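>>> Sequence plus the predicted model coming up.
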Amino acid sequence: MCGIVGYVGSNQSVEVLLGGLRRLEYRGYDSAGIAVIDPDGELHTRKRAGKLQVLVDDLEALTLANGSTGIGHTRWATHGGPNDQNAHPHLGDNGKLALIHNGIIENFAELKAELVAEHPDTVFTSETDTEVAALLVGLEYQKTGDLSKALLNVVARLHGAFTLLVLHKDQPGVVVGARRNSPLVIGLGDGENFLGSDVAAFVEHTHRAMEIGQDQVVTIRSDSVTVTDFFGEPVDAREFEIEWDASAAEKGGWSSFMAKEISEEPAAIANTLIGRIVDGAVKLPELDVLGPDILRDINRVVVVGCGTAAYSAMLGKYAIEKWAKVPVDVELSHEFRYRDPVIDRNTLVVSISQSGETMDTLMAVKYASEHGARTLSICNTQGSTIPRESDAVLYTHAGPEVAVASTKAFVAQVAAIYLFGLHLASIRGTLEPGEIADLLGELSALPAQLDVVLEEQDAIKQLAGWMTDTRSVIFLGRHAGYPIALEGALKLKEVAYIHSEGFAAGELKHGPIALIEPGQPVFVIVPSPRAKDSLHKKVVSNIQEIRARGARILAIAEQGDAAVLPFADVVIPIPLASTLFEPILAVAPLHIFAMELAAAKGLDVDQPRNLAKSVTVE
Ligand code: AGP
């Protein structure tokens, strides 16, 4: 989960690299470094542990010579702790070559042993797998005199997941990259070209981008881009237009990206729906590739995802089973492919991923395809790997999500999978057109309703301010409220570092109620009292059970729900919505609460400790 930038052009490479790393810092931020070739053909590298700003300050003091060719890296440590020595770039060919890497080279120990056996005088300056790759490419360059060939020869020997960028002082004006199971995209400029882990690396310079496929090598010069496979055979790479601009990835005056992105939750839903609801019907032409027959014939859907994406998958389960009457299983991606799941041609595996680079989910999708299932990706990042590995993709249009904690992407994912559920219901005739139109009306009403919820921000901020000493929080939800309980707990863990747990409210008396002691804060997502089922009454009973044992009740309940008032210490009202739509309104207060509590504790809500935005290693 690192951020990678490459540049060749006439601009000042140091500025281009640092600007790109700044936009990629959410991918990993425990150390950073750059390498540039200056106009005299000298190679300069600087790398420092700590956040990017440490490197920037260092460079200002150092005034590193600028040049036209450079690579940059911001790291999330895998092999070797976060320190100056393990930071990237790493050097080869006696310091004439610099290399950066995102991923894990699984056979690096064997390669290192072979290297030492052949070259006993090899000196290692770090504990990393990356340095082994740099030394190997350096040795290959000494044989071939050609950087692209040198990298090709080495990647053929690597196992695992990797994106590698490399430059050599004897080849100014050239950066070569290779990828396997790890992200890399090309930015196409005018007299300059870029490489990046994602388009954020270069979006301020160009909106033209090009995908790089699995097991491919790219060579960029200021006026040319060449892509080959790992055998050196040229391949066609697809060009695409980046939909958003650099300002979308800026904080724009907000205190944090997380605050900005929570405020964008209504727009994230609205933009994901744009063009996909026509005359009260769902229009998803991007799914035509799956064909109506396939969607009519599937007898099972498996939705895979990790973390927050798994919780939007759970809501998708409720919706698809209710509307399309197709059995749905939700699986954590990293569990799915190791349990020998029973899947076949009649299984549709839907993956949900904001980044489109989560290795666990990518591997699950590959497994599904290899075992005959059709695959659909719900993803927020154009040109990312998971959509490319899927039969079809339904993009969410939440815009770039920079904060590690996923917020607007979550509500956009739910909107997308609900659209898919209604599309499936329409094809299979399990809902009448009028019913579909009504449900689409409820879906379309969500952005305005979310705006109302976001107006409660100050009350939630005040609540968070009272709870900075809290050591644990419990979240309860039932039916479609249960995934929201899990999501609320995850957010509090990841940004406020508070032990939190989400439970299905009905599970309480089967054990978890033993956790309740006087003063224990418990968030409860209360179902609508207007719903036909008796869940509202059951959840109010759950509230009474825990209140009787001293719990502090923080209820998220429908505007005007009088039944909750006598038993809740705090009530956060949300607008009236039916069972499957209420969760999208209930999640926003929990996102706000986690963010405000983290901020009140003085924590960095955008870059929480130990985490990265995209987990591109298994
Ligand atoms: C959510 O706030 C976390 N950052 C994390 O659980 C995330 O949802 C998970 O890693 C999946 O990421 P993806 O959506 O990019 O695949």
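In hand now; what should we look at?
>>> Of all residues in the chain, which one is closest to the ligand?
Closest approach between the chain and the ligand, counting by C-beta to the nearest ligand atom: G307, at 1.7 Å. (C-beta placed from N, C-alpha, C; glycine too.)
>>> Leaving out the residues flanking it, which one is nearest to the most centrally placed residue in the chain?
By C-alpha atoms, centre = their mean, the chain has its centre lying nearest to S355, at 3.4 Å. Take S355 and drop its neighbours on the chain: the residue closest to it by C-beta to C-beta, 6 or more residues apart in numbering is S614, 3.8 Å away.
>>> same check, this time on R549
Nearest residue to R549, sequence neighbours excluded (C-beta to C-beta, 6+ apart): I516, at 4.5 Å.
>>> In terms of pLDDT, where does the one you found sit?
Per-residue pLDDT puts I516 at 95.
>>> go on, the one 3 residues further on?
Model confidence at G519, expressed as pLDDT, equals 95.
>>> Look at it and give its secondary structure.
coil (DSSP: H, G, I helix; E, B strand; the rest coil).
>>> thought the residue nearest to the centre of the chain was touching K613?
Yes. Using C-beta atoms under 8 Å, S355 makes contact with K613 at a distance of 6.6 Å.
>>> Tell me where the stretch 51-200 of the chain has strands.
69-75, 90-92, 97-105, 160-168, 175-180, 185-188, 193-196 (DSSP state E, counting those that start in this stretch).
>>> Kindly confirm my reading that V5 is in a strand.
Yes. Counting by three-state DSSP, V5 is found in a strand.
>>> In contact with H536: list those residues for me.
By C-beta atoms under 8 Å, 6 or more residues apart in numbering, the contact set of H536 is V526, P527, S528, P529, D561, A563.
>>> Would you quantify the distance from it to S528?
Distance of H536 to S528, computed by C-beta to C-beta, to the nearest Å: 7 Å.
>>> what's the overlap in contacts for these two?
Common neighbours of H536 and S528 (C-beta under 8 Å, 6+ apart) are D561.
>>> Could you list the residues of the stretch 251-400 of the chain in contact with the ligand?
When proximity is defined as C-beta under 6 Å from any ligand atom, the stretch 251-400 of the chain approaches the ligand at C306, G307, T308, A309, S353, Q354, S355, T358, T361.
>>> could you redo the last one with a cut-off of 5 Å?
C306, G307, T308, A309, S353, Q354, S355, T358 (C-beta under 5 Å from any ligand atom).
>>> Just those: which are in helices?
Using DSSP state H, the members of those that fall within helices are T308, A309.
>>> Pipe the residues of the stretch 251-400 of the chain next to the ligand into TSV and attach pLDDT per row.
Listed next are those as TSV, based on pLDDT from 0 to 100:
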residue	pLDDT
C306	97
G307	97
T308	98
A309	98
S353	98
Q354	96
S355	93
T358	94
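>>> Export the residues of the stretch 251-400 of the chain next to the ligand to JSON lines and append columns for distance to Q544.
Listed next are these as JSON lines, based on distance: C-beta to C-beta, whole Å:
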{"residue": "C306", "distance to Q544": "35"}
{"residue": "G307", "distance to Q544": "32"}
{"residue": "T308", "distance to Q544": "31"}
{"residue": "A309", "distance to Q544": "34"}
{"residue": "S353", "distance to Q544": "40"}
{"residue": "Q354", "distance to Q544": "38"}
{"residue": "S355", "distance to Q544": "42"}
{"residue": "T358", "distance to Q544": "40"}
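>>> before we move on, the earlier item: between the strands of the stretch 51-200 of the chain, which shows the greatest average number of neighbours?
Ranked by mean neighbour count, the strands of the stretch 51-200 of the chain are led by strand 69-75 with a mean of 31 (mean count of other C-beta atoms under 10 Å).
>>> So in that sheet, which strands flank it, and in what orientation?
strand 3-8 (antiparallel), strand 31-37 (antiparallel) (DSSP bridges).
>>> Quickly find the element holding the nearest residue to L295 once chain neighbours are set aside.
Once flanking residues are discounted, L295 sits nearest to I427: 5.0 Å by C-beta to C-beta, 6+ apart. If you go by DSSP states H and E, I427 is part of helix 408-428.
>>> Can I get that helix as PDB, trimmed to CA atoms?
Only the C-alpha atoms of helix 408-428 are listed here, as PDB (Å, rounded to 0.1, in the frame of the first residue of the first chain):
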ATOM      1  CA  LYS A 408     -18.800   8.800   0.900                       C
ATOM      2  CA  ALA A 409     -17.700   5.700  -1.000                       C
ATOM      3  CA  PHE A 410     -19.700   3.600   1.400                       C
ATOM      4  CA  VAL A 411     -23.100   5.300   0.700                       C
ATOM      5  CA  ALA A 412     -22.300   5.400  -3.000                       C
ATOM      6  CA  GLN A 413     -21.600   1.600  -2.900                       C
ATOM      7  CA  VAL A 414     -25.000   1.000  -1.300                       C
ATOM      8  CA  ALA A 415     -26.700   3.200  -3.900                       C
ATOM      9  CA  ALA A 416     -24.900   1.200  -6.700                       C
ATOM     10  CA  ILE A 417     -25.700  -2.200  -5.300                       C
ATOM     11  CA  TYR A 418     -29.300  -1.100  -4.800                       C
ATOM     12  CA  LEU A 419     -29.500  -0.100  -8.400                       C
ATOM     13  CA  PHE A 420     -28.100  -3.500  -9.400                       C
ATOM     14  CA  GLY A 421     -30.700  -5.200  -7.200                       C
ATOM     15  CA  LEU A 422     -33.500  -3.300  -8.900                       C
ATOM     16  CA  HIS A 423     -32.000  -4.000 -12.300                       C
ATOM     17  CA  LEU A 424     -32.000  -7.700 -11.400                       C
ATOM     18  CA  ALA A 425     -35.600  -7.500 -10.200                       C
ATOM     19  CA  SER A 426     -36.600  -5.900 -13.500                       C
ATOM     20  CA  ILE A 427     -34.900  -8.500 -15.600                       C
ATOM     21  CA  ARG A 428     -36.300 -11.400 -13.500                       C
END
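>>> does the ligand sit close to that helix?
No. Judged by C-beta under 5 Å from any ligand atom, helix 408-428 stays clear of the ligand, getting no closer than 6.5 Å.
>>> what comes up buried for that helix?
408-428 (16 or more other C-beta atoms under 10 Å).
>>> Around the ligand, which positions in this structure sit nearby?
Checking the chain against the ligand by C-beta under 5 Å from any ligand atom, the hits are C306, G307, T308, A309, S353, Q354, S355, T358, A405, S406, V615.
>>> do that again at 8 Å, thanks
Within the chain, the residues that sit near the ligand (C-beta under 8 Å from any ligand atom) are 305-310, 352-358, 361, 380-381, 386, 404-407, 409-410, 413, 490-491, 494, 611, 613-615.
>>> Generate a PyMOL selection restricted to the buried entries among those.
Filtering the residues of the chain next to the ligand down to the buried ones (16+ other C-beta under 10 Å) takes a single PyMOL command:
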select buried, resi 305+306+307+308+309+310+352+353+354+355+356+357+358+361+380+381+386+404+405+406+407+409+410+413+490+491+494+611+613+614+615
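>>> Contact partners for K493?
H499, S500.
>>> what angle do the host helix or strand of it and helix 408-428 make?
Taking DSSP H and E as the definition, one finds K493 inside helix 482-496. Helix 482-496 and helix 408-428 meet at an angle of 160 degrees, taking axes from the mean of the first three to the mean of the last three C-alpha atoms, to 10 degrees as the criterion.
>>> And A459, how far from F593?
10 Å.
>>> Show me which of these two is the more surrounded one.
Neighbour tally, A459 and F593, criterion other C-beta atoms under 10 Å: the higher count belongs to F593, 25 against 15.
>>> which of the residues in the helix or strand hosting that one are buried?
Using DSSP H and E, F593 sits within helix 582-600. Residues of helix 582-600 classed as buried: 582-599 (neighbour count, 16+ other C-beta under 10 Å).
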